[in-house]
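Asker: here's a sequence, model it:
(2 chains)
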Amino acid sequence: MRKGLQRQRDQRPNVVPVSPQDREQDFWVVEHIRRQDAHEERFDDREVVAKLHNSDQSLTQKIVARAHHLAESRQVLSAMQSTQGALSSLRWIILGLAVLTGFSLVNSALMFSHPNINVLGLLAAVLFVNFIMLILWGISMVWRPSWQGGIAGRVLALFSWMQKTFRPEKSKEKSNKQRESTLQSWLAVQQQAGLLQLWLSRWTHLFWLTTLIVAATHISFRFAFEGYQLVWSTTILSDDSVFLFLALFTWATELLGIPSPTLIDTHQAGQSYSYILSPRSTGLWILSVIILFGVIPRLILWLMTQKLYQRRQRRMQLDFTQPGLAQLIPRLQPQQSDVVDPEPETMVVPKCQRPAVIGKDYLVFTLDYEPVPEWNDVFLLEDRGVVASQAQRETLLQALAAKPARKVLVRIDTQITPDRGSLRYLAKLQPHCNQLAVWCVGHGKYQTQWQELLAEQHISGFTFPDEAIRWLRDEDIDHG
Amino acid sequence: MAEALKVCVVGHTNTGKTSFVRTLLQNTSFGEVSDRPSTTRDVRRAELKLGDEVVLEIFDTPGLEDGLGLYEYLQSLQADQDMSRHNGPEQIRVFLKTPAAKEDFEQEAKVLRQLLQVDAAFYLIDCRDPVLPKYQDELDILRRCGKPILPVLNFTAHADQQSAAWQQALAQVNLHGWIEFDTVSLPEHGDSEIFQHLATLLPNHRTHLQTIQQQRQLQAQQRVVAARREISELLLDVAAYSERIANDELDQLNHITAAMEQRVVAREQRSVTAILQIFGFPANAATLQRLAVGQQAWQAPLFAPETLKEFGIKASKGIVTGGAAGAGFDLMVGGLSLGAGTIIGAAAGGLWQSWQQYGRRIKHAVQGHSEIHIQPEIIRLLAARQQQLVQALMRRGHAAITPLSLVNENAEFHEPARFKLFLARARAHPQWSTLNQEKFDDSLERSQCLRLLD
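Answerer: Residues are numbered from 1 along each chain as shown, chains lettered A, B, ... in the order given. Next up is the predicted model:
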């Protein structure tokens, strides 16, 4: 575990399949940094984000790589290693407790009735408590409390609170705070991935597995080197009943060819009967019952929870909706864009030519669209109407070629965008008149653009009707 | 997922093609947007990603500017070269080899060259414009490329829009499928209609497009969830925020409340920036009015009936919690304690929770201190404004240029009881506020409190 964080530091940002444990470690680092991002001053991550921005890694890999980089620069990894150490020590405490429990259980059962060992008492001492705890575990798997993290979450939260509350004052320094927050991050990761319950299950099964193995080993040692009389004592049961009770276990042991206990003698002391069983076969049978009904189910459950835990670890996903992560997505996911057909070095711009002819009359028309159809009701000018289609444009050009005009005034709706086609047509008009001007109608959204482009073409542009009419009637010689 | 689809965005100059691509990409920095014609003069490719996978390649093209001239040129070319009248793509290919495609119609040639290479095209229409012959000619030229074209009526939210006239004009050239999509003000259902319509035009890619549509809807939902979580964090930070003042230093009150106000304002701005980032907008896309912060009641009514009632509720919750912790302990030690842990845990848990909430207040009362909190009205106001921001951003296209301006607006919570509970819990845990940074503690209980606002 300790090596895990170091390994990832060395190998980032290589894209390699990571083990479930490494994945959990990665997500732990991410969660820790996320919490700092969301709750404290945001890290200056511009450098690492810029580096990751265009890399080929997946979004998750980028987030993990960023988190590792920041964790390293903030010396968070050492605090995480320390928390890992504390969690590992918890594991050894549990295992130690299991060894002690297994040893004590057998010891007290054997000591209690030495040298006559009650078979039922021994089995009950070793298997009954285990069985009850198995039922409790089953209930805890089905019952899902509403509080965060369930029972395991509460246990660990309590552990964290106790650590915080009862530690000496002098140790309340920054590094300890960081260790606390790494534990909180670890808890949050476990809780988000639904691992807490399985985490507790794993340790419960391992605890009982160890207890039962220690108990079985202890019994076998005691039976091997000490002499016991194995009995079944009863006050009310008949012989048949005793063997019926034993049959609860013997069906399984007989399936495996393990001989069942045989009765060798019966004792009556007062109101109670003691059935003396064959010591050799009964001793072996007791061991096989503990293994079959205690060790093997716990081993299977432990392996199952272990497997499930690893499976969930493998399937862990980052929740991108969490504060701190959600903002990272646009920053880390590059918006790839490139030019596939570059702009030309020079654009072909329509050029107006100077007039070569002297016309007599004026001509007014609207290009493309007339926004005020009744505009001429006041001015009463000779209006050619709207010229919009190619045919209309050609007809007008031909008419002008046949009979050039002195002045051509083009009304243009400034709500419609200027374009090269319109400017090109204005350029085509120029050789057929002495003066060309544009009446920019309507103070539309493209008025400025029209005026700029007309100025580039050296074409006069009027925005007020008076200006246009005065120009047309030669009242303002400055415009021309 | 299948190979990325290729679509290009075409249309007359200044119809909002680049803005449309920005909105699809949810990226305000793509390309250049301006009211001047010919802003885009190159063909630019952008990738639309879902997760880490490119699902759509979008080509932004220059605007068409001389539909009338090009139409006439193509007609003359068709007559000169004796080309089939019914083989549009061939006509375009011949045109692309002519000198005109490098001179007068260079920009149009770029568009047509790209259109020949893609799976489909969006034809952007500024529906504030009337239907003009030059636009109709453009459409005819584009259709010669033989690719499915989906007309997109842009600026439909504008008062002068002429959608009906455009729909009629499109129907006349057999384009019966179109969508109304304002790149500045998005429809309520977002951009899903775009992909739905595209799927009808590209039946072979229907599944792919449906997946894109679903994934984008999911992404949109995730953005909203992420934004709400940000809001919850803000509200918890402000609700749990408290400052302590000695009763004989009341003259410092104004000074302290002013400092609190500043911190709350800064915290709200941090939340706004985060939410803008989530929606892919720059930090300057929203402006907020200054928030006024005042002090709450001075002495917490420790022995008031309501507080006692609250105490009762908390104590019973504490017993349940403690009991559970005890049961967990029993499990761990193999049940040897035979349930004693559960009973002890219940009592300890109740006491622990109660002390956490009220012990601090008792301690302050004894020491002659008072706590200052932010008024609930302010918290309500913060919530309303942030929700308003999220609503506005959900409808805001990435082509929008003017900043959003949010005004103070009071609003009620959907579940006032939950808010009340949230407020009570937050107030009891000043360590849950990042504004109380020196004692900040991010625990599972804090997360549980945040969930009250989900």
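
Asker: drop to CA atoms for contacts and neighbour counts, all remaining ones
Answerer: Will do.

Asker: where does chain A have low pLDDT?
Answerer: Applying pLDDT under 70 to chain A flags the ranges A:1-18, A:41-42, A:112-115, A:144-176, A:239, A:263-264, A:266-273, A:335, A:347-359, A:475-480.

Asker: and the gap between B:Val238 and chain A?
Answerer: Per CA to the nearest CA, to the nearest Å, B:Val238 is found 13 Å from chain A.

Asker: run through the neighbouring helices and strands of the helix or strand containing that residue.
Answerer: Element membership of B:Val238, judged by DSSP states H and E, is helix B:206-240. Other elements packing on helix B:206-240 under the criterion 3 or more CA pairs under 8 Å, 6 or more residues apart in numbering or on different chains; DSSP states H and E are strand B:43-50, helix B:192-201, helix B:253-278, helix B:376-395, helix B:416-428, helix B:444-451.

Asker: I'd like those as TSV, with mean pLDDT and distance to B:Glu233 appended.
Answerer: Below are these laid out as TSV (pLDDT from 0 to 100; distance: least, CA to CA, whole Å):
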stretch	mean pLDDT	distance to B:Glu233
strand B:43-50	89	27
helix B:192-201	90	30
helix B:253-278	86	9
helix B:376-395	82	11
helix B:416-428	84	11
helix B:444-451	83	7
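
Asker: could you check the angle helix B:192-201 makes with the helix holding B:Val238?
Answerer: For helix B:206-240 against helix B:192-201, the angle by axes from the mean of the first three to the mean of the last three CA atoms, to 10 degrees is 170 degrees.

Asker: element containing A:Val364?
Answerer: A:Val364 belongs to strand A:362-367 when assigned by DSSP H and E.

Asker: show me how far that strand is from its chain's centre.
Answerer: 65 Å (CA atoms, centre = their mean, to the nearest Å).

Asker: what is it packed up against?
Answerer: So strand A:362-367, by 3+ CA pairs under 8 Å, 6+ apart, packs with strand A:383-387, strand A:405-413.

Asker: most packed of those strands?
Answerer: strand A:405-413 (a mean of 24; mean count of other CA atoms under 10 Å in any protein chain shown).

Asker: buried ones in the next helix-or-strand element following that one?
Answerer: Next helix or strand after strand A:405-413 toward the C-terminus (DSSP H and E): helix A:420-429. Buried positions in helix A:420-429, judged by neighbour count with 16 or more other CA atoms under 10 Å in any protein chain shown: A:Arg420, A:Gly421, A:Ser422, A:Leu423, A:Arg424, A:Tyr425, A:Leu426, A:Ala427, A:Leu429.

Asker: just checking, the first one touches B:Asp66?
Answerer: Spelled out, it's A:Arg420. Yes: counting by CA atoms under 8 Å, A:Arg420 does reach B:Asp66; the two are 6.1 Å apart.

Asker: what's around A:Leu396, how many residues?
Answerer: 16 (other CA atoms under 10 Å in any protein chain shown).

Asker: show me what the helix or strand hosting it is packed against.
Answerer: Assignment of secondary structure by DSSP H and E places A:Leu396 within helix A:390-402. Applying 3+ CA pairs under 8 Å, 6+ apart, one finds that helix A:390-402 contacts helix A:420-429, helix B:67-81.

Asker: could you give the angle of the longest one to helix A:390-402?
Answerer: On the basis of the same axes, to 10 degrees, helix B:67-81 is oriented at 90 degrees to helix A:390-402.

Asker: spatially nearest residue to the closest residue to chain A within the stretch 51-200 of chain B, not counting backbone neighbours?
Answerer: The stretch 51-200 of chain B approaches chain A most closely through B:Asp66 (4.1 Å), counting by CA to the nearest CA. Of all residues not flanking B:Asp66 in the chain, A:Gly421 sits nearest, at 4.1 Å (CA to CA, 6 or more residues apart in numbering or on different chains).

Asker: how near is that neighbour to B:Gln81?
Answerer: 25 Å (CA to CA, to the nearest Å).

Asker: cool, and B:Tyr73?
Answerer: 12 Å.

Asker: what does B:Gln387 give?
Answerer: B:Gln387 is 63 Å from B:Gln81, by CA to CA.

Asker: the two: which is more packed in?
Answerer: Ranked by neighbour count (other CA under 10 Å), B:Gln387 and B:Gln81 place B:Gln387 first, with 17 against 10.

Asker: so which residues on the stretch 351-454 of chain B come close to chain A?
Answerer: Neighbours of chain A within the stretch 351-454 of chain B, by CA under 8 Å from any CA of the partner chain: B:Thr434, B:Gln437, B:Asp441, B:Asp442, B:Ser443, B:Leu444, B:Glu445, B:Ser447, B:Gln448.

Asker: narrow those residues to those that are buried.
Answerer: Buried positions within these, assessed by neighbour count (16+ other CA under 10 Å), are B:Thr434, B:Asp441, B:Asp442, B:Ser443, B:Leu444, B:Glu445.

Asker: kindly reformat those as TSV containing distance to B:Leu132.
Answerer: As requested, these are arranged in TSV below (distance: CA to CA, whole Å):
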residue	distance to B:Leu132
B:Thr434	60
B:Asp441	66
B:Asp442	63
B:Ser443	65
B:Leu444	64
B:Glu445	65
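
Asker: so A:Leu400 sits against A:His432, correct?
Answerer: Yes: using CA under 8 Å, A:Leu400 is in contact with A:His432, at 5.8 Å.

Asker: in the chain, which residue is closest to the centre?
Answerer: No chain in the question, so chain A it is. Centroid-nearest residue in chain A, with CA atoms, centre = their mean: A:Leu318, separated by 1.7 Å.

Asker: oops, wrong one, chain B.
Answerer: B:Phe279 (3.4 Å).

Asker: so, low pLDDT: which residues of chain B?
Answerer: Low-confidence segments of chain B (pLDDT under 70): B:1-2, B:37, B:188, B:287-362, B:364-365, B:401, B:405-414.

Asker: go with 50
Answerer: Along chain B, the parts satisfying pLDDT under 50 run over B:294-350.

Asker: can you count the residues close to the closest residue to A:Glu31 other than its chain neighbours?
Answerer: Spatial nearest neighbour of A:Glu31, chain neighbours left out: A:Ser185 (5.9 Å); criterion: CA to CA, 6+ apart. Residue neighbour count, defined by other CA under 10 Å, stands at 25 for A:Ser185.

Asker: A:Ser185 is in what secondary structure piece?
Answerer: helix A:174-192.

Asker: check the offset of the longest helix anywhere in chain A from the chain's centre.
Answerer: Ranked by residue count under DSSP state H, the longest helix found in chain A is helix A:76-112. Counting by CA atoms, centre = their mean, helix A:76-112 is centred 33 Å from the centre of its parent chain.

Asker: which elements pack onto it?
Answerer: helix A:2-11, helix A:119-123, helix A:174-192, helix A:196-225.

Asker: can you rerun that using 7 Å?
Answerer: When contacts are defined as 3 or more CA pairs under 7 Å, 6 or more residues apart in numbering or on different chains; DSSP states H and E, helix A:76-112 sits against helix A:174-192, helix A:196-225.

Asker: wait, which of these is closest to B:Val43?
Answerer: With CA to CA as the measure, helix A:174-192 is the member of these nearest B:Val43 (44.9 Å).

Asker: interface residues of chain A facing chain B?
Answerer: A:39-40, A:58-59, A:133, A:148, A:151-152, A:154-155, A:184, A:204, A:321-323, A:326-327, A:330, A:335-343, A:348, A:368, A:388-390, A:416-421, A:449 (CA under 7 Å from any CA of the partner chain).

Asker: just the helices in the stretch 1-150 of chain B please.
Answerer: Chain-ordered helices for the stretch 1-150 of chain B, with DSSP state H, counting those that start in this stretch as the definition, fall at B:17-25, B:67-81, B:88-97, B:106-117, B:133-143.

Asker: and the strands in the stretch 301-450 of chain B, which stretches?
Answerer: B:369-373, B:404-406 (DSSP state E, counting those that start in this stretch).

Asker: got the angle between the helix or strand containing A:Ile139 and helix A:196-225?
Answerer: Taking DSSP H and E as the definition, A:Ile139 sits inside helix A:129-142. Computed by the same axes, to 10 degrees, the angle separating helix A:129-142 from helix A:196-225 equals 170 degrees.
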